[in-house]
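Visitor: build me a model:
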Amino acid sequence: MADHGYESGRLDLPFVGICTFGKRPYVSDWGAIDADVAILGAPFDFGTQWRPGARFGPRGVREASTLFSFGHAGAYDHEEDTLYLPGDVRIVDIGDADIVHTDTLKSHANIESGVRAILRAGALPVTIGGDHSINIPCINAFDDQGDIHVLQIDAHLDFVDERHGVRFGHGNPMRRAAEKPYVTGLTQLGIRNVSSTAKEGYDDARARGSDILSVRQVRNLGPEATAARIPKGARVYITIDIDAFCPSIAPGTGTPSHGGFLYYDVLEILQEVANQHEIVGIDLVEVAPDYDPTGSTTTLAAQVLLNLLGFIFHARRTRA
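Guide: All right, here's what the predicted structure looks like:
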């Protein structure tokens, strides 16, 4: 019988206790991280061009994630007859990077320090934003980690070079990533409708090797063919903007865009990518809880992250 701990100790229901991610242990000393996965909050939203509020994303996603703290021996998927995230997958929450109000560069530097601390510990960094500009310091932290390929799931291309002197806002991260010599390419999925990037930005992205697909194009291809477009053998960093999803299921975001993905559209792609590639880092951004009184958006974000982590570590075990 599974050692799920229900027969001994505290029941520790989801609404009890402190809201770390998934109710996992909190580690305040970034020099003492000993885990397979470390969660970092990046509550920064000064890069937004429209509605703010993503600074509360880490707090909201953590609270929503407590719903999935049942099952101390892991989460059993009856469709695949697989136990995901068993107890030997060690996940810790290291709290939030320090944000200095109105100071983008200092705030980004503090986020970068957190990701670097996780990488030094040999853990998988999972950063919860915050607006999409927090991806910039996350990618900066990989400058000594070897080549990576960026998989972006998003409504917007985020490939603006500079606008009125702004180079580190939430419309810039994929352009900043493409400039890195260790970023070998970008796969950009879900891009649609009116975007923050003008036509020349799309032309520039494609000239730099970006593979850009809309929601409809991804659905026509299917998850397997979509995932197969990522170069074989690439080490993949995944960045998920919650506005990639249709606002019918994820209204809690600053820049909603109709026509987005539904849950399984994204989940099946992530599972394929996790099965085929080494995943080296993750961020999930642009959750702004105050725009969604139902809590659906934060729950979706937490569920996507936990399922993705389950896929990653199951694939690692299978390949070992």
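Visitor: okay, CA-based contacts and neighbour counts for the rest of this
Guide: OK.
Visitor: name the element Glu272 belongs to?
Guide: Assigned by DSSP states H and E, Glu272 falls within helix 263-276.
Visitor: can you name the next helix or strand after that helix?
Guide: As assigned by DSSP H and E, the chain's next helix or strand after helix 263-276 is strand 278-285.
Visitor: how far off centre is that next one?
Guide: 5 Å (Cα atoms, centre = their mean, to the nearest Å).
Visitor: one more: stretch 223-241?
Guide: Here stretch 223-241 is found 14 Å from its chain centre; the criterion is Cα atoms, centre = their mean.
Visitor: just stretch 312-320 next, same as before
Guide: That offset, for stretch 312-320, works out to 19 Å (Cα atoms, centre = their mean).
Visitor: mind starting the numbering at 23 from now?
Guide: Sure, I'll start counting at 23 from here, so that last one is stretch 334-342.
Visitor: all helices of this protein, in order?
Guide: With helices called from DSSP state H, the chain shows them at 79-87, 126-142, 157-162, 195-200, 221-229, 237-243, 245-249, 285-298, 318-341.
Visitor: could you export the last one as CSV, CA atoms only?
Guide: Think helix 318-341. In CSV, the C-alpha atoms belonging to helix 318-341 read as follows (Å, rounded to 0.1, in the frame of the first residue of the first chain):
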residue,chain,number,x,y,z
SER,A,318,-9.8,29.8,-12.2
THR,A,319,-6.6,31.5,-13.6
THR,A,320,-4.4,30.8,-10.6
THR,A,321,-5.7,27.2,-10.3
LEU,A,322,-4.9,26.7,-14.0
ALA,A,323,-1.4,28.0,-13.5
ALA,A,324,-0.7,25.8,-10.6
GLN,A,325,-2.2,22.8,-12.3
VAL,A,326,-0.1,23.3,-15.4
LEU,A,327,3.1,23.7,-13.5
LEU,A,328,2.5,20.6,-11.3
ASN,A,329,1.6,18.5,-14.3
LEU,A,330,4.6,19.7,-16.2
LEU,A,331,6.9,18.9,-13.3
GLY,A,332,5.3,15.4,-13.2
PHE,A,333,6.0,14.9,-16.9
ILE,A,334,9.6,16.0,-16.5
PHE,A,335,10.5,13.8,-13.7
HIS,A,336,8.6,10.8,-15.0
ALA,A,337,10.5,11.2,-18.3
ARG,A,338,13.8,11.4,-16.4
ARG,A,339,13.1,8.2,-14.6
THR,A,340,12.0,6.5,-17.8
ARG,A,341,15.2,7.5,-19.6
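Visitor: show me the contact partners of the helix holding Glu294.
Guide: Identification of contacts with helix 285-298 by Cα atoms under 8 Å, 6 or more residues apart in numbering yields 241, 245-246, 248-249, 254-255, 267, 322, 326, 329-330, 333-334, 337.
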